[in-house]
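>>> Task: produce atomic coordinates for the following.
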Amino acid sequence: MLEIEKIDNVLEALLFVSGDGLKISDICELLELQKSEVTSAVKRLQKKYGGVSGVHLISYNGKIQLASNPAYAEVLSVVLNPIKEKALSNPAMETLSIIAYRQPVTRLDIEHIRGVNCDYALQALLKNNLIEICGRKDALGKPLLFGTTETFLRKFGIENIDDLPERAALLEKIKQIEESTPELTEEGLYRFENENPDETPEFLQGEDVVKIEVNEGEAQS
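As a prediction, the model looks like this:
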């Protein structure tokens, strides 16, 4: 049986080597530890890696992971010239927030709310793993259903989808990420306004695509 100090050290090493999130249940099973032992170790490490520390230990969806302190995002962006943190265009922001609060939701549901085509907003969010196809709606044509991913939870510091903040607070988080990399606003991964509107996005290829027209007065905020 591992001693308390060794549990902390082993867990710290596992998180460092993995890079990705690790399920607490898997750690308990493979190391033959009680959940209480692991969660206590997590709390100690969160105290160690918290506050002004450059590295934070975050938890989401039953997983734990080491991540950079968001307070230093701007400085990191200057040093690393990151390509992972891209500015969200307004259409992508709106589409992402609709999916987050109404998931699972179809493309047509989103377009009825926004009042405009959202094909390329969806494709951009899919490519960057913020949303995923999570099934098909039991309706005519079996349209695809979209939901958020673990990457979404991790990026916006949300432990579980049930813990979503008020919509205004989520949009503020998205805005903070956008403002942390202003130099990427013009050519970010989420810029898709120049896409060919006549070209079918990858996720719709092979689908029975239905287009809708929404009058400007019918669109909801």
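
>>> And the helices in this protein, which stretches?
Ranges of helices within the chain are 4-18, 24-31, 35-48, 73-80, 90-102, 107-114, 119-127, 150-155, 167-180, based on DSSP state H.

>>> Which positions within the fourth one qualify as buried?
If I follow you right, that is helix 73-80. Within helix 73-80, the residues that count as buried by 16 or more other C-beta atoms under 10 Å are Ala73, Leu76, Ser77. (C-beta placed from N, C-alpha, C; glycine too.)

>>> Equivalent analysis for the longest one, please.
Neighbour-count burial for helix 4-18, counted by 16+ other C-beta under 10 Å, picks out Ile7, Asp8, Leu11, Glu12, Leu15.

>>> what's the answer for stretch 42-61, then?
For stretch 42-61, by 16+ other C-beta under 10 Å, it's Val42, Arg44, Leu45, Tyr49, His56, Leu57, Ile58, Ser59, Tyr60.

>>> Pretty sure Gln65 sits against Leu15.
Yes: with contact defined as C-beta atoms under 8 Å, Gln65 reaches Leu15; the gap is 6.5 Å.

>>> tell me the contacts of the nearest residue to Leu153 once chain neighbours are set aside?
Excluding its sequence neighbours, the residue lying closest to Leu153 (C-beta to C-beta, 6 or more residues apart in numbering) is Tyr60, at 4.3 Å. Tyr60 sits next to Gly21, Glu150, Leu153, Arg154, Ile158, Glu159, Asn160 when contact means C-beta atoms under 8 Å, 6 or more residues apart in numbering.

>>> so what's in contact with Gln65 and Leu15 at the same time?
Common neighbours of Gln65 and Leu15 (C-beta under 8 Å, 6+ apart) are Leu22, Leu57.

>>> Pass me the low-pLDDT residue ranges in the chain, would you?
Residue ranges of the chain with pLDDT under 70: 1, 79-89, 167, 170-171, 173-221.

>>> switch the cut-off to 80
1-5, 19, 74, 76-91, 115, 141, 156-157, 165-221 (pLDDT under 80).

>>> Nearest residue to the residue positioned nearest the centre of the chain in space, ignoring adjacent ones along the chain?
Central residue of the chain (C-alpha atoms, centre = their mean): Phe152, 1.0 Å from the mean position. Ranked by C-beta to C-beta, 6+ apart and with sequence neighbours excluded, the top spatial neighbour of Phe152 is Leu130, at 4.8 Å.

>>> ok, so what distance separates the one you found from Asp138?
25 Å (C-beta to C-beta, to the nearest Å).

>>> Show me which of these two is the more surrounded one.
Leu130 (22 against 8; other C-beta atoms under 10 Å).

>>> Next up, phi/psi of the more buried one, please.
Dihedral pair for Leu130: phi -90, psi -30, per degrees, to the nearest 10.

>>> Surely it touches Leu96?
Yes: using C-beta under 8 Å, Leu130 is in contact with Leu96, at 6.1 Å.

>>> Find the residues that touch each one of those two.
Thr148, Phe152.
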